[in-house]
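Student: Pasted the sequence and its predicted model underneath.
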Amino acid sequence: MDLSKIKKAHYYTSDQVYIQGIGYKPISSYGCGLQFINIGIEWVGDHLEDFVDREPGGDIVRVELTTEPGKENEITPGTYEVTEQRWPAYIKPGVMMRGIMLDGGLHGSRWMHQTYSMWGDDNKIFEYMDGHALLYDGQVTITKVEGEGKENWYRFEFDGICVRKHHVRGTWEGPVVSQTGRAAAEKDHLEPPRLLRRLPAPKVSMSRLAEKLPDVMFRKAGMTE
């Protein structure tokens, strides 16, 4: 992965965790807190000026991490291994919940690659996914970055593995804030945002747009055997 287009990461918390075959349950039932960290938010807007914390297109990644109870608004350094399943027996503080496909959407820990087209006099952006992988194995290691003015800076080293056994590797370093803009460690409970959005039809012919779409949704960009 190339995460160099991302200037700032965002996190949000949830008091519900999805249990495979059961549904959503309170994360407190398993003695944990729960946080999601987006290294690149999936949808930020449809104009160039909306892309404040990342540039259009490129790789983005999200991790779903369990924490000690009451620590979900903090970034806790350490190595988080991906859970073998999304079952109660695998849920404990300090793990990464494996990705899962729900209702056609990518949930939990996952990698995506975005591409985009621009049209119109006002440089409107149509951004869409052209590659993805749910993380079924692997790990992320988080370390605190020290230095003046870097109170909320962290380094993330990813080595995830998808269902096809490809590695999703990459490193990102920078500030982490809540999805309302506050620095990590400030109390800020948010329900998972609705990232799926019905976009207006682009003002270009469908034949031109189709030429830009890849032949397949899955690609190996940033992924190795």
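Tutor: Alright, I've got the coordinates.
Student: Run a quick neighbour tally on the closest residue to Trp172 other than its chain neighbours.
Tutor: Closest residue to Trp172 apart from its sequence neighbours, by Cβ to Cβ, 6 or more residues apart in numbering: Leu3 at 4.1 Å. Placement of C-beta: from N, CA and C, glycine included. Residues near Leu3, counting by other Cβ atoms under 10 Å, number 21.
Student: helix/strand/coil for Leu3?
Tutor: Assigned with DSSP: H, G, I helix; E, B strand; the rest coil, Leu3 falls in the coil class.
Student: Let me know the pLDDT of it.
Tutor: In this prediction, Leu3 carries a pLDDT score of 95.
Student: where's it relative to Ala9, distance?
Tutor: 9 Å (Cβ to Cβ, to the nearest Å).
Student: Identify the contacts common to the two.
Tutor: Residues touching both Leu3 and Ala9 (Cβ atoms under 8 Å, 6 or more residues apart in numbering) are 39-40, 172.
Student: Grab the nearest non-local neighbour of the residue most central in space within the chain.
Tutor: The structure's the chain has its C-alpha centroid closest to Arg62; by Cα atoms, centre = their mean the separation is 1.9 Å. Excluding its sequence neighbours, the residue lying closest to Arg62 (Cβ to Cβ, 6+ apart) is Asn38, at 4.9 Å.
Student: and the one you found, what helix or strand is that in?
Tutor: Assigned by DSSP states H and E, Asn38 belongs to strand 33-39.
Student: buried residues in the helix or strand hosting Ile125?
Tutor: Assigned by DSSP H and E, Ile125 belongs to strand 124-134. Burial within strand 124-134, assessed by neighbour count using 16 or more other Cβ atoms under 10 Å, is assigned to 124-127, 130-134.
Student: now that strand, how far from the chain's geometric center?
Tutor: Between the centre of strand 124-134 and the centre of its chain there are 13 Å (Cα atoms, centre = their mean, to the nearest Å).
Student: pretty sure Ile60 is in contact with Trp43, am I right?
Tutor: No: Ile60 lies out of contact with Trp43 (Cβ atoms under 8 Å); the separation is 10.3 Å.
Student: Comparing those two, which residue is more hemmed in?
Tutor: Ile60 (23 against 15).
Student: OK, contacts around that one?
Tutor: 3, 6, 38-42, 54, 111-114.
Student: Understood, closing this out.
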